[in-house]
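> Predicted model, plus sequence, below.
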Amino acid sequence: MVLSAYEKFCRGEKEAFTVVTEKFAKPLSLYAYKIVHRHDIAEDVMMDALMVLVVKKRRFTSQEHLTAFLYRIVRNKSIDIVRKRKRLVPLEEAKELYLTYEEVKGRESSEKYKSAMANLPQAYREALVLSFEEGLSAEEIAFVLKKSKKQVYNLLFRAKNSFQKFYGEIR
């Protein structure tokens, strides 16, 4: 459906591009945020990626190719921004004075997850995020990371084992 909407856009139906933006805007922004750690910059990266589709009007054989293409653009642009700024610090969220037991447990679990992910090498983190959080297939991840499918399978295997090791040590 998204691919056909994009094809209609390429043929001149300007309204058809809204289907593409509705499908990809949020996931691409979230993926960019995981790299740059700033919402405003992540939004800009997402918009830049969608603008590449508008300007270049490439042909895709499947929606998976379109998805992987957009994620690769977001990844590359996000990494460029991080390199330029060397270090981006996310804005601190305001903390509430009183938390329920469930909120405390949820935050503890979230902190354990973040800590385990922070201990992993960058390549492992990227593979896990693309696979489990973004839901990309091994083929799409291979395209985004510029690796073969076999390399992606090996990377995911090692990443999962390392994550379990670090997550288990934190508990």
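Nice, I can see it.

> where does the chain have its least confident helix or strand?
Least confident helix or strand of the chain, by mean pLDDT, DSSP states H and E, is helix 101-118 with a mean of 67.

> Going along the chain from that helix, find the next helix or strand for me.
helix 122-128 (DSSP states H and E).

> Quick one: distance of that next one to the chain centre.
Computed by Cα atoms, centre = their mean, to the nearest Å, the chain-centroid distance of helix 122-128 equals 11 Å.

> mind checking how far the residue nearest the centre of the chain is from residue 24?
What sits nearest the mean C-alpha location of the chain, by Cα atoms, centre = their mean, is residue 31, with 2.4 Å. Per Cβ to Cβ, to the nearest Å, residue 31 is found 10 Å from residue 24. C-beta here means a position set from N, CA and C on the backbone, and glycine is covered the same way.

> how about the helices of the protein, start to end?
For the chain, the helices defined by DSSP state H cover 2-10, 17-36, 39-56, 63-85, 101-118, 122-128, 138-145, 149-170.

> Run through the residues that contact the residue nearest to the centre of the chain.
71, 74, 75, 78, 129, 130, 134 (Cβ atoms under 8 Å, 6 or more residues apart in numbering).
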